[in-house]
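1. Generate coordinates for the sequence data below:
(4 chains)
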There are 2 protein chains.
Amino acid sequence: MIHSIPEPAIKRLSALYQLLCRLEKSGVQAISSKEIGERLDISAHTVRKDISYLREAQISGARYTVQKLKELIGRSLKFTTSRKACVVGLGKIGAAILNYSRFGGYGFDIVAGFDSNVNIVETLNADMDLFPSYMIPEVVTDRSIELAVLAVPADAAQLCADRLVKGGIKGIVNFSSALLTIDKKIAVSDVDVTKELRVLSAMISLADR
Amino acid sequence: MIHSIPEPAIKRLSALYQLLCRLEKSGVQAISSKEIGERLDISAHTVRKDISYLREAQISGARYTVQKLKELIGRSLKFTTSRKACVVGLGKIGAAILNYSRFGGYGFDIVAGFDSNVNIVETLNADMDLFPSYMIPEVVTDRSIELAVLAVPADAAQLCADRLVKGGIKGIVNFSSALLTIDKKIAVSDVDVTKELRVLSAMISLADR
DNA sequence: TCACAAATGTGAAAAAAATAACAGCTTAAG
DNA sequence: CTTAAGCTGTTATTTTTTTCACATTTGTGA
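-> Now for the predicted structure:
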């Protein structure tokens, strides 16, 4: 059983999983921790340490078999069980994300979209079901949707988040610039361009010393 | 002088800055570390510690004055000096970001957009200058652009990143799903929906125990 | 004015994470 | 077959970050 993997390690392992998927497609068979480190910009030590959290030894001494390692991470972090996801807010960003729906096979499946503007819901022809926002709780519950991407204007974000919670959502990627007030049991990941730019700006300033 | 603020603290202070901007607009005058902690979902201890890195004591015992604290953080992290930024890739996501250009006053200003598709450059009527991608190095240098938002398809990302570096960029927010190989001196922040969803998915799995 | 509840700022302790070190396995070449 | 170079898994060490504890300050109400 997995004891408890440090959060930074989970993030790195997720990135590694993505890398392994690509390597597999390119036909690469094996890779060393050193090479992985170079690709992901982390040390080879860290790579091996992260993998060791998974408690299922590969053959020591030999380089990692791409396919086996991918499967190990996928199994450990449950990327194999595809979770259902939805997109809330079908403006430019939301629609763009929806179109990425070739997500299948990477650990989740976008199965629904929501927008308060009924016209958008009717005109946008996506290959998944679209609903008006007030139906969020119902649809999320009925379809066992676990993850949501929230891409609505800041002033609508809290309302939509509340609806998602009501439906029993387990994780939200918040693209709005709103700071959500939300039950701690729900995993939230904030993605805010302005925040990212600000952090970079600060890091540049402090790097100059 | 600022000695060295831990990176996690920089991120939290950036979020705090954003919160303070909003509180100021709402007319809130003062706030305690406890309240800040509740809003940002971190402990009051951490809030106070982070602020203490700025080495410029407020009056102890009294709650923080919103305006003063905002100014202190802004001054320390250089959010007052507005940096120039650009958007590379004017597809759906890039265009959406460009439209957020009411960014001024938050530490940066979007002053240019780039796309390989000349038609887009001509048809999109934004209130800033748009250029074809091959002009990136030139424009970035000439206009002293320090930050970039990279929102191009994965297969074009590395090329565009190289052009940005050539122009002397200092920080990149990478919205593409590509893993960039880039000089370590340049600050890069990866924003990838699939990665975020995958991390959330993993955290949910491991939380279930 | 005084006492008390409520804050802050910061050095110290604890916890978490990154890094290093090394024993032992694997592969390839001679 | 044997050796050497290279790689992994894991324990130990160091560094970083978070949490705690408490001296000190403010604001309030009697």
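2. hmm, the strand or helix carrying A:Q18 in reach of DNA strand C?
-> Taking DSSP states H and E as the criterion, the element that holds A:Q18 is helix A:7-25. Yes - contact check for helix A:7-25 against DNA strand C, using C-beta under 7 Å from any atom of the strand: residues in range are A:7-9. Just so you know, the C-beta spots here come from the backbone N, C-alpha and C atoms, and that holds for glycine as well.
3. buried residues in that helix?
-> Along helix A:7-25, the positions that meet the burial threshold by neighbour count (16 or more other C-beta atoms under 10 Å in any protein chain shown) are A:9-21, A:23.
4. same check, this time on stretch A:173-191
-> Along stretch A:173-191, these residues count as buried under the neighbour rule (16+ other C-beta under 10 Å): A:173-180, A:182, A:186-191.
5. Check which element follows the lowest-mean-pLDDT helix or strand in chain A along the chain.
-> Across the helices and strands of chain A, the lowest-confidence element by mean pLDDT, DSSP states H and E is helix A:118-123, at a mean of 73. Per DSSP H and E, the first helix or strand lying C-terminal to helix A:118-123 is strand A:129-132.
6. so what does the helix or strand just after that following strand touch, helix or strand wise?
-> The element immediately downstream of strand A:129-132 (helix or strand, assigned by DSSP H and E) is helix A:136-142. Judged by 3 or more C-beta pairs under 8 Å, 6 or more residues apart in numbering or on different chains; DSSP states H and E, the packing partners of helix A:136-142 are strand A:83-88, strand A:108-115, helix A:154-167.
7. Run through the residues that contact the residue nearest the centre of chain A.
-> For chain A, the residue nearest the mean C-alpha position is A:V173 (7.4 Å; C-alpha atoms, centre = their mean). For A:V173, the contact set (C-beta atoms under 8 Å, 6 or more residues apart in numbering or on different chains) comprises A:147-150, A:188-189, A:191, B:193, B:196-197, B:200.
8. so which of those also contact DNA strand C?
-> Restricting the contacts of A:V173 to those within reach of DNA strand C (C-beta under 7 Å from any atom of the strand) leaves nothing.
9. Run the contact check for stretch A:65-78 versus chain B.
-> Yes - legend: contact between stretch A:65-78 and chain B by C-beta under 8 Å from any C-beta of the partner chain is shown at A:77-78.
10. Contacts for that stretch, please.
-> Under the criterion C-beta under 8 Å, 6+ apart, residues A:2, A:10, A:13-14, A:16-17, A:20-21, A:23-24, A:28-31, A:51, A:54, A:56, A:58, A:79-80, A:107, B:198, B:201-202, B:205-206 lie in contact with stretch A:65-78.
11. Quick check: the residue of chain A found nearest DNA strand C vs DNA strand D, distance?
-> For chain A and DNA strand C, the shortest gap (C-beta to the nearest atom of the strand) falls at A:G61, measuring 2.4 Å. Taken as C-beta to the nearest atom of the strand, to the nearest Å, the spacing of A:G61 relative to DNA strand D amounts to 4 Å.
12. Which strand or helix spans that residue?
-> A:G61 belongs to no helix or strand, assigned by DSSP H and E.
13. now A:V149
-> Secondary structure here is read from DSSP H and E; on that basis A:V149 sits in strand A:147-150.
14. Kindly report the same for A:Q67.
-> For A:Q67, the enclosing helix or strand under DSSP H and E is helix A:66-76.
15. That helix: which residues count as buried?
-> Applying 16+ other C-beta under 10 Å to helix A:66-76 flags A:66, A:69-70, A:72-74, A:76 as buried.
16. what's the farthest-apart pair in the residues you listed?
-> Taking every pair in those and measuring C-beta to C-beta, the maximum separation is 16.0 Å, between A:V66 and A:S76.
17. tell me the domain ranges of chain A?
-> Chain A breaks down into these structural domains: A:7-76, A:83-195 (assignment by automatic domain parsing).
18. end-to-end on the shortest one?
-> The reference is to domain A:7-76. Between the start and the finish of domain A:7-76 there is a gap of 14 Å, counting by C-alpha to C-alpha, to the nearest Å.
19. go on, the last one?
-> Here the two ends of domain A:83-195 are set 28 Å apart, with distance taken as C-alpha to C-alpha.
20. Let me know whether it sits next to DNA strand D.
-> No - under the criterion of C-beta under 7 Å from any atom of the strand, domain A:83-195 makes no contact with DNA strand D; the nearest approach is 12.7 Å.
21. re the thing from before, quick one: mean pLDDT over whichever helix or strand comes after the helix holding A:Q18.
-> Once the chain leaves helix A:7-25, the next helix or strand it forms, by DSSP H and E, is strand A:30-31. Here the mean pLDDT over strand A:30-31 is 96, rounded to a whole number.
22. From the chain's centroid, how far away is strand A:30-31?
-> Between the centre of strand A:30-31 and the centre of its chain there are 25 Å (C-alpha atoms, centre = their mean, to the nearest Å).
23. Repeat that for stretch A:133-145.
-> Averaging C-alpha positions (C-alpha atoms, centre = their mean) puts stretch A:133-145 20 Å from its chain's average.
24. Give me the contacts around it.
-> A:84-86, A:88, A:111-112, A:114-116, A:131, A:148, A:160, A:163-164, A:166-169.
25. and with 10 Å instead?
-> The list of residues contacting stretch A:133-145 from outside it, by C-beta atoms under 10 Å, 6 or more residues apart in numbering or on different chains, reads A:83-86, A:88-90, A:108-112, A:114-118, A:121, A:129, A:131-132, A:146, A:148, A:152, A:156, A:159-170.
26. Weed out the non-buried ones from these.
-> Members of the contacts of stretch A:133-145 that pass the buried threshold by neighbour count (16+ other C-beta under 10 Å) are listed as A:83-86, A:88-90, A:108-112, A:114-116, A:121, A:131, A:146, A:148, A:152, A:156, A:160-165, A:167, A:169-170.
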